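Visitor: okay, sequence plus prediction incoming.
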Amino acid sequence: MALRVGIVGANGFLGGELVRLLSAHPEVRLAALVAGRSAGQQLSSLRPGLRGPADAVLEAFDADALAAACEVVFLALPHGESGVAGAALRQRGVRVVDLGSDFRLRDPADHVRFYGREPTAPELLDEAVYCLPELTGPPPPLAGLIASPGCFATALLLTLAPLQDGLGPEGVTVFGATGSSGSGVAPSAGVHHSLRMTSFTGYKTLAHQHLGEVGQALAARGPAPRLRFVPHSLPVARGILLTTVIPEGQLGGASALERLTAAYADAALVDVVQGEVPLGAVQHSVRTLIGVVERGGDTVIYTAIDNLLKGGSGQAVQSLNLAQGWSETLGLPVVGSWP
Ligand SMILES: NC(=O)c1ccc[n+]([C@@H]2O[C@H](COP(=O)([O-])OP(=O)(O)OC[C@H]3O[C@@H](n4cnc5c(N)ncnc54)[C@H](OP(=O)(O)O)[C@@H]3O)[C@@H](O)[C@H]2O)c1
C-alpha cells in the first residue's frame with residue numbers, strides 16, 4: 001500500500017518541487033497539500049506549472065487533520081515555522097522530514113549564533129537526524145524526524161568532508177554562487193528580476209548561516225578546517241556552483257582528485273571528473289557534479305548542484321527513500337535538463 005504523505009508549504013519553491021516529485025513517486029500517495037496565507041486557493045492558480053494529477057485546493061495547517069491523513073509530512077517552511085509545525089506533528093506520532101533549518105543544529109546556542117533566535121522546538125533537537133546520505137549514511141529505518149541539509153551546506157559538505165583530514169592550518173577559501181530560487185517564492189529585492197538578472201554581487205560575506213551546520217557536520221567527522229565562505233547571487237534561477245581554491249602545500253596526503261573520487265566511488269548521485277563543470281549540467285536533476293583542476297601544485301574544485309533538488313526537495317526524498325528501505329533514487333530525476 002502506498003505511503004500517505006503530506007506537504008506543508010506546498011506552494012513554495014521547495015514545496016512545489018516536492019509536489020512534482022512525490023506525485024510521480026511509485027510508492028507514495030499525496031494525501032494533503034498545506035499552505036499558509038494561500039490556504040483555500042487552488043495550487044495551480046498560484047503555481048500553474050503544477051497543474052496535473054496532484055493539483056488540489058490548499059489546506060490550512062491542522063495537525064490533527066494531517067495526523068489522520070498522513071504517515072509522513074514534509075515541511076518546507078520559513079525559519080521558525082518548522083519547529084512549531086514539527087512539534088505538533090511529532091506529538092501526534094507523525095513522521096516528519098524538515099527541509100528548513102529549525103532542526104539542523106543540535107546546540108541551542110548555535111541557533112542564536114547563526115539565526116539570531118532560540119530554537120522553537122528545543123525538545124526535538126536530540127531526536128532530529130541530520131541526513132546528507134552520501135556522508136552521514138542512511139537515516140534509521142522509519143526515522144521519526146529527519147533534518148535535511150541546506151543547499152549551500154550540501155555543496156560545501158560534499159566538497160570538504162573528503163578533504164578535511166588533509167587540510168593545513170590555513171584552511172580553505174570557497175566562493176559560492178546561487179540562483180534566485182534559493183530565496184524562496186516571495187518577491188524581494190534579492191529576487192527582483194530587473195535587479196538580479198542584470199547584476200552579480202556577493203552577500204553574507206564570511207557569515208552565511210549554513211556555516212553552522214557545516215561546522216557541526218565536519219566536527220562530527222574530525223577536526224574541522226578553517227573555512228572562509230563567500231556567497232554570491234547569480235543571475236540565474238536555479239543552481240549552485242562552488243569554487244574551492246586550495247593553494248600548493250595546503251592539502252597533505254592524496255590529491256583532491258584521488259580523495260573525492262574514492263569518497264564517491266559507490267555514490268549513485270555524485271560524479272567526480274577532471275576539469276571545470278557547468279552549473280547547467282545538474283539543473284533539474286538530483287545529481288552532484290564535482291570537477292577538479294590540479295595545476296602547478298594548486299587545486300581548484302568546482303561543485304555543482306541544483307539548489308531545489310540535491311540542495312532541497314530531491315535530497316529530502318532521497319532520505320525518505322532510504323528511511324523506507326526503498327531504492328535511494330526512487331522517483332528522483334537522476335538526469336539533468338539543460339537548457
Ligand atoms: N529555496 C531553496 O533553494 C532552499 C533549499 C534548501 C532549503 N531551503 C529551506 O526550505 C524552506 C522552504 O524554502 P522555500 O524556498 O521553498 O520557501 P518559500 O518558497 O518561501 O515557501 C514557503 C512556504 O511556506 C508556507 N508557509 C509559511 N508560513 C506557513 C505556515 N505558518 N503554515 C503553513 N505554511 C506556511 C508558504 O505558504 P503561503 O505562501 O501560503 O504563506 C509557502 O508555501 C526554508 O526554510 C528554506 O530556508 C530552501
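Guide: Yep, that arrived.

Visitor: run the chain-centre distance for stretch 46-65.
Guide: 22 Å (C-alpha atoms, centre = their mean, to the nearest Å).

Visitor: wait, stretch 240-258
Guide: 23 Å.

Visitor: what's the mean pLDDT across it?
Guide: Averaged across stretch 240-258, the pLDDT comes to 97.

Visitor: in that stretch, what counts as buried?
Guide: For stretch 240-258, a neighbour-count test (16 or more other C-beta atoms under 10 Å) marks 240, 241, 242, 243, 244, 246, 250, 251, 256, 257 as buried. C-beta: built from backbone N, CA, C; applies to glycine.

Visitor: so what's residue 106 up against?
Guide: Contacts for residue 106 (C-beta atoms under 8 Å, 6 or more residues apart in numbering) come out as 125, 126, 128, 216.

Visitor: my bad, should have said residue 100
Guide: Counted by C-beta under 8 Å, 6+ apart, residue 100 has contacts 75, 76, 77, 78, 79, 81, 82.

Visitor: near the ligand, which residues of the stretch 1-150 of the chain are found?
Guide: 8-9, 11-15, 34-38, 61, 76-79, 81, 99-101, 150 (C-beta under 6 Å from any ligand atom).

Visitor: quick one on the thing from earlier: so which of the contacts of residue 100 are in strands?
Guide: Members of the contacts of residue 100 lying in strands (criterion: DSSP state E): residue 75.

Visitor: so which of the contacts of residue 100 are in helices?
Guide: 81, 82 (DSSP state H).

Visitor: pick the one among the contacts of residue 100 closest to residue 175.
Guide: residue 79 (24.6 Å; C-beta to C-beta).

Visitor: widest-spaced pair of the contacts of residue 106?
Guide: Farthest pair in the contacts of residue 106, by C-beta to C-beta: 126 and 216, 13.7 Å.

Visitor: who has more neighbours, these two?
Guide: residue 216 (18 against 8; other C-beta atoms under 10 Å).

Visitor: now for the helix or strand containing the more buried one, which elements pack on it?
Guide: Element membership for residue 216 (DSSP states H and E) is helix 211-219. Applying 3 or more C-beta pairs under 8 Å, 6 or more residues apart in numbering; DSSP states H and E, we find helix 211-219 packed against helix 108-115, strand 129-130, helix 151-160, strand 227-233.

Visitor: again, only using 10 Å
Guide: helix 108-115, strand 129-130, helix 133-136, helix 151-160, strand 227-233 (3 or more C-beta pairs under 10 Å, 6 or more residues apart in numbering; DSSP states H and E).

Visitor: assumed residue 105 was part of a strand.
Guide: No - secondary structure assignment places residue 105 outside any strand; it is coil (DSSP: H, G, I helix; E, B strand; the rest coil).

Visitor: so it touches residue 126, yeah?
Guide: No - Residue 105 sits out of contact with residue 126 when judged by C-beta atoms under 10 Å, with a separation of 12.0 Å.

Visitor: residues near residue 67, how many?
Guide: 17.

Visitor: in which helix or strand would I find it?
Guide: Under the assignment here (DSSP H and E), residue 67 is part of helix 63-69.
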